[in-house]
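> Can you look at this prediction? I've put the sequence above it.
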Amino acid sequence: MKDGLAWNKKHYNVSNFEQYDLTPAPFLVSNLHYLKENNSKLILDAGCGQGRNLLFLLENGFEVIGVDGAPNALQVASDLLRSKKMKKYTLINQELQDISKLKNETVDAIVSITVLTHIFDPEKVIGEFSRILKKDGLLIVDFATIRDSTYEYISKGTKLGQNMFLEQGTKVKYIEDKKEIIPLFKAFEIISINEESFIEPGHPGSRPFEHEHSSYVVIAKKK
Ligand SMILES: C[S@@+](CC[C@H](N)C(=O)[O-])C[C@H]1O[C@@H](n2cnc3c(N)ncnc32)[C@H](O)[C@@H]1O
């Protein structure tokens with residue numbers, strides 16, 4: 001099954017989407033200045049989900065493209081952005097391993113929030129990010145660490161590899177040390193990799209309760 005359809009079933013196949021909290025990811029808020037300083041105008045949110053980060057970026061004056069493999073998530077994002085009377089956005093239903101609807105070197109920045117943790121082949125997806133980004137374009141992504149609060153219960157499930165598990169049809173890979181992810185960014189100049197903890201509100205489908213995440217947040221610039 002395609003990743004997006006597994007997510008559609010696990011996370012977005014619930015009747016009351018209004019329950020979603022619209023607070024943007026904290027490390028997107030704290031790193032927004034990088035996008036402004038780099039003079040980014042068009043930003044791709046890869047794996048945009050129900051659109052909380054798209055809304056935040058639009059409210060901060062950026063033009064956005066949201067891509068997600070889960071059609072139900074995009075429907076929620078579309079309803080949200082229309083209800084907030086946003087204009088400068090495009091939503092695309094496609095898998096991140098091959099975002100063929102986006103041409104080479106067309107976006108100024110890419111954010112991908114709590115997504116690469118769930119991708120079987122992050123190298124391929126980061127290759128797509130590099131193809132689509134303009135030279136000197138910015139990338140903000142994160143990877144869950146083994147210090148993430150979900151590790152304790154997800155690691156009791158089906159094991160797929162080292163620190164990699166199956167959770168309701170989707171993959172979760174935890175990183176122990178940032179050395180594991182540095183080789184993925186050969187096409188980039190890494191600006192920083194910081195381990196950050198943040199609280200996420202509950203979301204229906206898989207975690208309807210407040211939970212704490214720990215992620216390596218990578219800020220990088222395409223060479
Ligand atoms: C944990 S959610 C995060 C959503 C959003 N970035 C946010 O911060 O609210 C992960 C999202 O990535 C999408 N996704 C996961 N694997 C994907 C893939 N291979 N292609 C496209 N979308 C994918 C899922 O459908 C889901 O919406």
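Great, that's in hand. Numbers count the residues shown, from 1 in each chain.

> per-residue confidence at the spatially closest residue to residue 114 that is not a sequence neighbour?
Nearest non-adjacent residue to residue 114, counting by Cβ to Cβ, 6 or more residues apart in numbering: residue 142, 6.4 Å away. No exception for glycine: its C-beta is placed from N, CA and C like everyone else's. pLDDT for residue 142: 98.

> Surely residue 220 touches residue 136?
No: using Cβ atoms under 8 Å, residue 220 makes no contact with residue 136, being 11.0 Å away.

> who has more neighbours, these two?
Using other Cβ atoms under 10 Å as the criterion, residue 220 and residue 136 rank with residue 220 on top: 24 against 12.

> show me the contacts for the closest residue to the ligand within the chain.
Across the chain, the shortest distance to the ligand (Cβ to the nearest ligand atom) belongs to residue 49, at 2.6 Å. Contacts for residue 49 were tallied using Cβ atoms under 8 Å, 6 or more residues apart in numbering; they are 11, 68, 70, 73, 77.

> In terms of helices and strands, where is it?
Assigned by DSSP states H and E, residue 49 belongs to no helix or strand.

> same question, the one 5 residues further on
Counting by DSSP H and E, the element that carries residue 54 is helix 52-59.

> helix or strand right after that helix?
Defined by DSSP H and E, the subsequent element after helix 52-59 is strand 63-68.

> Parallel or antiparallel, which strands does that following strand pair with?
strand 42-46 (parallel), strand 89-93 (parallel) (DSSP bridges).

> For the closest residue to residue 168 other than its chain neighbours, give me the pLDDT.
Closest residue in space to residue 168, ignoring its immediate chain neighbours: residue 10 at 4.2 Å, by Cβ to Cβ, 6+ apart. pLDDT, residue 10: 70.

> so how many other residues sit close to residue 10?
By other Cβ under 10 Å, 16 other residues sit near residue 10.

> Residue 219 too?
Counted with other Cβ under 10 Å, residue 219 comes out at 18.

> Can you verify my assumption that residue 92 contacts residue 64?
No: the criterion here is Cβ under 8 Å, and residue 92 misses it with residue 64 at 11.1 Å.
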